[in-house]
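Trainee: need a structure here:
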Amino acid sequence: MADPILITGAAGFIGHALTKALLARGDSVVGIDNLNDYYDPQLKQARLDDIASIAGGNFRFHKVDFADHQALDTALKGHNFSHIAHLGAQAGVRYSIDNPRAYAQSNLVGHLNILELARARNATHLVYASSSSVYGHADSLPLSVEDRVDHPVSLYAATKKADELMSETYAHLYGIPMTGLRFFTVYGPWGRPDMALWKFTKAILAGEPIDIYNNGDMRRDFTYIGDIINGVVAALDNPPADNGKPKPGGSISAHTIYNIGNNKPEKLGNMISAVERASGMQAQKNYLPMQAGDVYETYADISAIADNLGYAPTTGIDTGIPEFVNWYRKYHGI
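Mentor: So this is what the prediction gives:
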C-alpha cells in the first residue's frame, strides 16, 4: 500500500501488534490514540516506545480523541491514507455497567466520526473492531456471523452491534468497502490489564487469590494475538466487492462481517491451569457467581474468514499462555 495506513487505538493491545506487523512488511502507519486512563497509560506509552524502536521513520503518532471530530480532522490534516483499521474503542463488558456514557461517546460518536472520515477521504477500505459480545446468550454453538444478534447483554455489546449497523448504512449509501471483525477473547504479550489472563497472572505471581466467576463453569474461545493479527492483515488487504452479492453477515453492499477466533473454546479451569504451569505456582481460588453482562461460552465459527481469507489459527493456550506469562515477568521485572 503506497499511502500510510491509519490505525486508531494504535497504543492499544491489538493496535500495537497490528502496527508492528504492518511496519515489518514495509508499510507506513499513522497512529492515533487518546491514551486515556481506563488502564495504566504507562503501558500504552510502553507500546508506543516499542513501536518506535522498529519504526525507522515510518510511524507517525498523534494523541487525539477520535470522538472529537474537530480535533480528529486537525490532527490528520496533511496525512494521506486509503486504508483505515479502526481498533480504538472503550473496551470492557463490566466497565460499561458503571460508565455507560464513556461507551456512547467512544463507540457510538467516535465510530460515526471514523465513518465520516472514511467518507471524506474516499477510503478504499475500512476495517473495524466489533466483538463476540454481540452474540449475547446465544442458543446454538458455534457462533456464526449469520446468527441474529438482537439481544445484547451489556451496553458494550450494544454499542458494537450499533457500530455494525452504522457501517452497513455507510457501505450502502456511499459504497465504502468495510469489514467488521468480531474478536473472540484476544490474549498474548502486551495484553490488557482488565482481561482475566492478566489479572490471574498478576495475582498468582503475587500469591494472592483470584476471583473465578460462575464458580469456574465458563468457556472462552481464547485467541492468540499473533493469530488475530494474521487475520486482521488479511482482512485489510481484501476489501469486499460492491457487487450486490451477499457477503458473510448478510450484506449485499460492500460490507463483510467475520468472526475472528480460535474455533476452540477452552474451560476457564484449563486456562488457569496453564497459568499455574507457566508461573510454577498454584492459584488460590475464590469462587463467585456469574457477573452481570457476562456470557457462559464463546465459540467462533470461523468458516467464512477461513474460506475467504485463508485464516487458520495455530496457537493454543498451552503455547500462548506461557508466552504471555514470560512477557509479563519481563515487563514487570519479576
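Trainee: please go through the protein and pick out the longest helix.
Mentor: Assignment by DSSP state H gives helix 155-174 as the longest helix of the chain.
Trainee: buried residues in it?
Mentor: Neighbour-count burial for helix 155-174, counted by 16 or more other Cβ atoms under 10 Å, picks out 155-164, 166-168, 170-171. All C-beta spots, glycine's among them, are computed from the backbone N, C-alpha and C.
Trainee: next: stretch 219-238.
Mentor: Using 16+ other Cβ under 10 Å as the test for burial, stretch 219-238 gives 219-236, 238.
Trainee: now that stretch: average pLDDT?
Mentor: Averaging pLDDT along stretch 219-238 yields 97.
Trainee: same thing with stretch 289-296?
Mentor: Mean per-residue pLDDT for stretch 289-296: 80.
Trainee: one more: stretch 143-158?
Mentor: Mean pLDDT, stretch 143-158: 94.
Trainee: quick one: end-to-end distance for it.
Mentor: Using Cα to Cα, to the nearest Å, one end of stretch 143-158 lies 17 Å from the other.
Trainee: and that stretch, how far from the chain's centre?
Mentor: 16 Å (Cα atoms, centre = their mean, to the nearest Å).
Trainee: just stretch 163-172 next, same as before
Mentor: Here stretch 163-172 is found 19 Å from its chain centre; the criterion is Cα atoms, centre = their mean.
Trainee: keeping just the C-alphas, turn that stretch into CSV.
Mentor: In CSV, the C-alpha atoms belonging to stretch 163-172 read as follows (Å, rounded to 0.1, in the frame of the first residue of the first chain):
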residue,chain,number,x,y,z
ASP,A,163,-21.3,0.1,15.0
GLU,A,164,-22.0,-2.8,12.7
LEU,A,165,-25.4,-1.2,11.8
MET,A,166,-23.9,2.3,11.2
SER,A,167,-21.2,0.7,9.0
GLU,A,168,-23.8,-1.2,6.9
THR,A,169,-25.6,2.2,6.3
TYR,A,170,-22.4,3.9,5.1
ALA,A,171,-21.4,0.9,2.9
HIS,A,172,-24.9,1.1,1.4
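Trainee: got the contact list for the lowest-mean-pLDDT helix or strand in the chain?
Mentor: Least confident helix or strand of the chain, by mean pLDDT, DSSP states H and E, is helix 95-98 with a mean of 87. For helix 95-98, the external contacting residues (Cβ atoms under 8 Å, 6 or more residues apart in numbering) are 38, 90, 102-103, 154-156, 159, 194, 292-293.
Trainee: pull out the buried positions in the helix or strand just after that helix.
Mentor: With elements assigned by DSSP states H and E, the helix or strand that comes after helix 95-98 is helix 100-103. By 16+ other Cβ under 10 Å, the buried positions in helix 100-103 come out as 100, 102-103.
Trainee: same question, stretch 78-91
Mentor: 81-91.
Trainee: just stretch 204-211 next, same as before
Mentor: Buried residues in stretch 204-211 (16+ other Cβ under 10 Å): 204-205, 210.
Trainee: and the end-to-end length of that stretch?
Mentor: Note: stretch 204-211 ends 11 Å apart using Cα to Cα.
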